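Student: missing the sequence, but the structure's below:
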C-alpha cells in the first residue's frame, strides 16, 4: 500500500516519508513511459504527493512544472491536500544510455531548464516560485527551490526503481524541513546530524526493496531523537477530468472556433493530458454548446 508518514522530530523539524510504488506504476501504464521517463515522472509525482500533504485547505492546489532542453522536454504534476496527484511528461518515449554506474540518467533526459512551483491557496493570485535546474535529478532541484524561494532549509530524497520488464519495482522519497522558530544552535546540531546520517544511508528505493517501511526509514534517519508521528496519508494517482470540465473548455474558445470545428473537422475530440481519456463531440453536440453560449 502507498502511504506517506508525517512526523515531527524533537519539535524542531517535520518529516514526510512516502512509499509510492502503486501510483507511479499507474502513471507509467497511463503514459506508457520508457524507464528514464518513468523515473523522472515518478520522482516528481512523489514530490507532489508529499508537498500536497502540506497544503492546509481542501481547495488548495499545487502544480510542479519542469521545462528542460533535454529529450524529455519537461514534466507537469498537480496535487491537492489529500495527496491525490496527476501528471504527464511532455515526451513519454525517451531512450538514452544509462549512466556509467548503471543508473537511469534523468538529469540528461531533462537537460538544463527551470523548475516552477505554483500554489493556488485561495489568494487573489496563485503564489509562484521558480528556480533553474541545478542538477535535473529533481530531488536536488526541489531542495534548491525550498532554500531559494521559501528560505526553508530542507533535505529531499526521491527515487524510482524500474524492473527489467519496465514496471515500477519501488518508488518513494522523503522531505525533511526545519520548523520556523528553531534556535540556531539546535538547527546547526540537526543539520550536522542529518549530513552524517544521509552520507551513509542507502537510497530510498534500496531501503524499500530491503523491506523497510517508512517507519523503519524514519528510525534510521533519527535513531536517538524524539519522534512524534502525526498521521498517515494515502496518496493516489487521480485525475478529476470529466465531460463537464471539457465542455467548459470548449465554451471558453467561443462560437467562431466552434463553428470552424463543425465545418472543417465534423466535430471535436478533447484529450486529457493527465489521464489520456478523451471526450468526443459531434456536430450536434457542438451546436448544443453554441446555442447555450
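Tutor: Cool, the structure landed. Please read these numbers as outputs of a predicted model, since none were measured by experiment. Numbering: from 1, shown residues only.
Student: quick one, what contacts residue 271?
Tutor: 277-278 (CB atoms under 8 Å, 6 or more residues apart in numbering). All C-beta spots, glycine's among them, are computed from the backbone N, C-alpha and C.
Student: bridged to it, which residues?
Tutor: Counting by DSSP bridges, residue 271 is bridged to residue 278.
Student: which residue ranges of the stretch 1-150 of the chain form helices?
Tutor: With DSSP state H, counting those that start in this stretch, the ranges of helices along the stretch 1-150 of the chain come out as 21-31, 35-52, 106-110, 139-149.
Student: how about those helices in a markdown table, adding distance to residue 69, mean pLDDT and mean neighbour count?
Tutor: Below are the helices of the stretch 1-150 of the chain laid out as a markdown table (distance: least, CB to CB, whole Å; pLDDT from 0 to 100; neighbours: other CB atoms under 10 Å):
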| stretch | distance to residue 69 | mean pLDDT | mean neighbour count |
| --- | --- | --- | --- |
| helix 21-31 | 21 | 98 | 22 |
| helix 35-52 | 14 | 98 | 28 |
| helix 106-110 | 8 | 97 | 24 |
| helix 139-149 | 15 | 96 | 19 |
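Student: Serialize those to CSV and add fields for distance to residue 211.
Tutor: Compiled in CSV, the helices of the stretch 1-150 of the chain are given as follows (distance: least, CB to CB, whole Å):
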stretch, distance to residue 211
helix 21-31, 13
helix 35-52, 19
helix 106-110, 25
helix 139-149, 23
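Student: residue 174: which of those is closest?
Tutor: Checking the helices of the stretch 1-150 of the chain against residue 174 by CB to CB gives helix 35-52 as the closest, at 7.6 Å.
Student: which residue packs closest to residue 83, ignoring adjacent ones?
Tutor: residue 235 (3.7 Å; CB to CB, 6 or more residues apart in numbering).
Student: now do residue 173
Tutor: In space, residue 173 is closest to residue 158, 3.7 Å off (CB to CB, 6+ apart).
Student: and the strands in the chain?
Tutor: Using DSSP state E, the strands of the chain run over 3-9, 13-19, 61-68, 74-80, 84-89, 113-120, 127-132, 154-162, 168-178, 227-233, 236-237, 268-271, 278-281.
Student: turn these into JSON lines, including mean pLDDT.
Tutor: Shown next, in JSON lines, are these (pLDDT from 0 to 100):
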{"stretch": "strand 3-9", "mean pLDDT": "97"}
{"stretch": "strand 13-19", "mean pLDDT": "97"}
{"stretch": "strand 61-68", "mean pLDDT": "98"}
{"stretch": "strand 74-80", "mean pLDDT": "98"}
{"stretch": "strand 84-89", "mean pLDDT": "98"}
{"stretch": "strand 113-120", "mean pLDDT": "97"}
{"stretch": "strand 127-132", "mean pLDDT": "95"}
{"stretch": "strand 154-162", "mean pLDDT": "97"}
{"stretch": "strand 168-178", "mean pLDDT": "97"}
{"stretch": "strand 227-233", "mean pLDDT": "96"}
{"stretch": "strand 236-237", "mean pLDDT": "97"}
{"stretch": "strand 268-271", "mean pLDDT": "92"}
{"stretch": "strand 278-281", "mean pLDDT": "93"}
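Student: distance to residue 140 for the ones you listed - can I get that in JSON lines?
Tutor: Formatted as JSON lines, those follow (distance: least, CB to CB, whole Å):
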{"stretch": "strand 3-9", "distance to residue 140": "21"}
{"stretch": "strand 13-19", "distance to residue 140": "17"}
{"stretch": "strand 61-68", "distance to residue 140": "13"}
{"stretch": "strand 74-80", "distance to residue 140": "15"}
{"stretch": "strand 84-89", "distance to residue 140": "19"}
{"stretch": "strand 113-120", "distance to residue 140": "10"}
{"stretch": "strand 127-132", "distance to residue 140": "11"}
{"stretch": "strand 154-162", "distance to residue 140": "7"}
{"stretch": "strand 168-178", "distance to residue 140": "12"}
{"stretch": "strand 227-233", "distance to residue 140": "24"}
{"stretch": "strand 236-237", "distance to residue 140": "24"}
{"stretch": "strand 268-271", "distance to residue 140": "33"}
{"stretch": "strand 278-281", "distance to residue 140": "37"}
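Student: nice, that's everything, thank you.
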